[in-house]
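In: starting from these lines, generate the structure:
(one chain, ligands or ions: 1)
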Amino acid sequence: MGAGIAEVAAKAGVDVVLRSRKQETADAMVAGLEKSLGKQVDKGRLSEEDRDAVLGRVTATSDLSALADCDLVIESVVEDLDVKRALFAELDGIVKADAILATNTSTLPVVEMAVATQRPDKVVGVHFFNPAPMMSLVEIIAPLTASDETVAAVTEFATACGKGPVQVKDRAGFIVNALLFPYLNNAVRMLENGTANRDDIDAAMKGGCNFPMGPLALLDLVGLDTSLAILDALYAEFADPNYSPAPALRRMVAAGHLGRKSGQGFYDYRR
Ligand SMILES: NC(=O)c1ccc[n+]([C@@H]2O[C@H](COP(=O)([O-])OP(=O)(O)OC[C@H]3O[C@@H](n4cnc5c(N)ncnc54)[C@H](O)[C@@H]3O)[C@@H](O)[C@H]2O)c1
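Out: From the prediction side, this is the model:
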């Protein structure tokens, strides 16, 4: 998600510092961005000049202190509250006093990240959708601690990026994932209990509901580890059985079958 968000912001004319823990990962993300922009040039959707300008706005680094001068930092690391809280505390000591710290979390309580900093009024959720350059929605999550100015500033940023922001309270899953994940989870259960096979489940939801992809293909796109983390967070918050992850999902994650990113999930992407 991080690379996609960087692409969105750089295309909107914003200077972007793309930071990953390893320099080679950050460089690989920029190489991926270059490839993605190259395809857009080939299809005539982007000029070579604009591609060069977008790439010129992105700097790749492994150094967290390279974010010191940023006005807005959007965190998009693994969906793990302890990792995110530790990162927010560290960022708080690095960025300037008036900088906004945002999280791209799919479900986790934004307020928990806010109170890990000395600037809880400047911490907010800015939730992009996958793939970020294609999907028009951004959910703006305002924790109890956020100031109106912070919410207004990130709403303006999302709009400047060409997105349609919606505002939502700090509740697990926000709007989209709270509604979407019972459906995705029940598709795994349906596969598990033998009601239908993978291809028929996906074909049914495409053909019957006009969805662009079936639920099992969508889980592979989201990532099965991220999906499991989302369901665990939803279940922890609401104790609704529809959010209790299907056992098959947990076993697939344990096996390292994470979907597209690992090459194998409900579908095989290795060929
Ligand atoms: N996948 C989606 O469809 C989607 C959509 C919207 C939001 N999100 C959210 O975006 C965030 C990232 O998800 P993703 O799908 O890009 O996951 P991913 O697994 O593709 O990427 C996670 C990144 O976090 C890094 N990371 C792992 N452990 C870390 C640690 N201890 N400290 C710092 N970095 C660490 C990894 O190196 C990797 O670069 C999550 O919060 C997720 O909920 C995901």
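
In: now do Val41 against the ligand, distance only.
Out: Distance from Val41 to the ligand, counting by C-beta to the nearest ligand atom, to the nearest Å: 25 Å. For every residue, glycine as well, the C-beta is placed using N, CA and C.

In: what's the neighbour count on the residue in the stretch 151-271 of the chain positioned nearest to the ligand?
Out: As assessed by C-beta to the nearest ligand atom, the ligand sits closest to Val222 within the stretch 151-271 of the chain, at 3.9 Å. Residues contacting Val222 under the criterion other C-beta atoms under 10 Å number 24.

In: how many neighbours does the closest residue to it other than its chain neighbours have?
Out: Spatially, and ignoring its direct neighbours in sequence, Val222 is nearest to Asn130 (6.2 Å; C-beta to C-beta, 6 or more residues apart in numbering). Neighbour count of Asn130, defined by other C-beta under 10 Å: 15.

In: residue contacts, Asn130?
Out: Neighbour list for Asn130: 1, 4, 221-222 [criterion: C-beta atoms under 8 Å, 6 or more residues apart in numbering].

In: most neighbours, which of those?
Out: Scoring the contacts of Asn130 on neighbours with other C-beta under 10 Å, the highest-scoring entry is Val222 at 24 neighbours.

In: tell me the contacts of that one?
Out: By C-beta under 8 Å, 6+ apart, the contact list for Val222 reads 130, 230, 259.

In: and if you look at Ile74?
Out: Ile74 makes contact with 5, 102-104, 126, according to C-beta under 8 Å, 6+ apart.

In: what is the burial count for Val110?
Out: Val110 has 28 neighbours, counted by other C-beta under 10 Å.

In: from what I can see it touches Ile140, true?
Out: No. Counting by C-beta atoms under 8 Å, Ile140 is not a contact partner of Val110; they are 10.2 Å apart.

In: mind listing the shared neighbours of the two?
Out: Contacts common to Val110 and Ile140, judged by C-beta under 8 Å, 6+ apart, are 124-125.

In: can you check what pLDDT the model gives the residue of the stretch 151-271 of the chain closest to the ligand?
Out: If you check Val222, the pLDDT there is 97.

In: contacts only, for Tyr269.
Out: Counting by C-beta under 8 Å, 6+ apart, the residues that Tyr269 touches are 220, 260, 263.

In: in stretch 168-182, what counts as buried?
Out: Applying a neighbour-count criterion of 16 or more other C-beta atoms under 10 Å, the buried positions in stretch 168-182 are 168, 170, 172-175, 177-178, 181-182.

In: which ones among the contacts of Ile74 are found in strands?
Out: Those of the contacts of Ile74 mapping onto strands are 102-103, 126, per DSSP state E.

In: so which of those residues are also by the ligand?
Out: Filtering the ones in strands among the contacts of Ile74 for proximity to the ligand (criterion: C-beta under 6 Å from any ligand atom) leaves nothing.

In: rewinding a little: got the buried residues of stretch 168-182 as JSON lines, with distance to Asp63 and pLDDT columns?
Out: Supplementary listing: those in JSON lines, determined by distance: C-beta to C-beta, whole Å; pLDDT from 0 to 100:
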{"residue": "Val168", "distance to Asp63": "33", "pLDDT": "97"}
{"residue": "Asp170", "distance to Asp63": "31", "pLDDT": "98"}
{"residue": "Ala172", "distance to Asp63": "33", "pLDDT": "96"}
{"residue": "Gly173", "distance to Asp63": "34", "pLDDT": "96"}
{"residue": "Phe174", "distance to Asp63": "31", "pLDDT": "97"}
{"residue": "Ile175", "distance to Asp63": "35", "pLDDT": "98"}
{"residue": "Asn177", "distance to Asp63": "32", "pLDDT": "98"}
{"residue": "Ala178", "distance to Asp63": "36", "pLDDT": "97"}
{"residue": "Phe181", "distance to Asp63": "36", "pLDDT": "98"}
{"residue": "Pro182", "distance to Asp63": "41", "pLDDT": "98"}
